[in-house]
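Peer 1: Any chance you could fold what I've pasted below:
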Amino acid sequence: IEKAGVSGKVLTFLPVYPLEGGLDVYPEFATGQFVYRTGDLTPPDLLALYRTTAPSTVATFLDADPPAAMLLGFEPDLEAPMLAYAVSRGYRKVEGFAIKDRYGDGFLMVRAGEP
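Peer 2: Reported below is the predicted structural model:
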């Protein structure tokens, strides 16, 4: 992400990839997709006990602390609100970057570089 001229956290359901690269991730996604997947179904008083977000609140969550990059493509249905956020906020897909594993075909979206 440094080559893209941005710094900050990487949003992904597979935090091991950015962590192995020495990058920061969101603790809210340390469990991957599991708590996020049920976020909209969990009663608010119970959800408040967890450090997470949900598909319906992820845009507000990210507006408070925008990611430098998003590693997506492993859970397209669950990631749809994240991808919509990226597109609506001007993130761009990094051409030539791909991670293919048993979970899918990952791609990287980066925030527009700071001037």
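Peer 1: Show residues contacting stretch 51-62.
Peer 2: Residues from elsewhere that reach stretch 51-62 (Cβ atoms under 8 Å, 6 or more residues apart in numbering): 11, 27-29, 31, 35-36, 39-40, 42, 47, 78, 80-82, 84-85. For glycine as for every other residue, the C-beta is placed from the backbone atoms N, C-alpha and C.
Peer 1: one more time with 10 Å
Peer 2: 9, 11, 26-31, 34-42, 47, 70, 77-82, 84-86, 88-89 (Cβ atoms under 10 Å, 6 or more residues apart in numbering).
Peer 1: Which parts of the chain are strands?
Peer 2: Here the chain has its strands, by DSSP state E, at 10-11, 69-72, 92-93, 99-101, 104-110.
Peer 1: Can I get these in CSV including mean pLDDT?
Peer 2: Below are the strands of the chain laid out as CSV (pLDDT from 0 to 100):
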stretch, mean pLDDT
strand 10-11, 96
strand 69-72, 96
strand 92-93, 94
strand 99-101, 89
strand 104-110, 93
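Peer 1: CSV for the ones you listed, including distance to residue 51?
Peer 2: What follows is the strands of the chain, written out as CSV (distance: least, Cβ to Cβ, whole Å):
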stretch, distance to residue 51
strand 10-11, 14
strand 69-72, 19
strand 92-93, 29
strand 99-101, 26
strand 104-110, 23
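Peer 1: Same list (the ones you listed) but as a markdown table, adding distance to residue 60 and mean neighbour count.
Peer 2: Below are these laid out as a markdown table (distance: least, Cβ to Cβ, whole Å; neighbours: other Cβ atoms under 10 Å):
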| stretch | distance to residue 60 | mean neighbour count |
| --- | --- | --- |
| strand 10-11 | 14 | 25 |
| strand 69-72 | 16 | 24 |
| strand 92-93 | 22 | 14 |
| strand 99-101 | 28 | 12 |
| strand 104-110 | 19 | 19 |
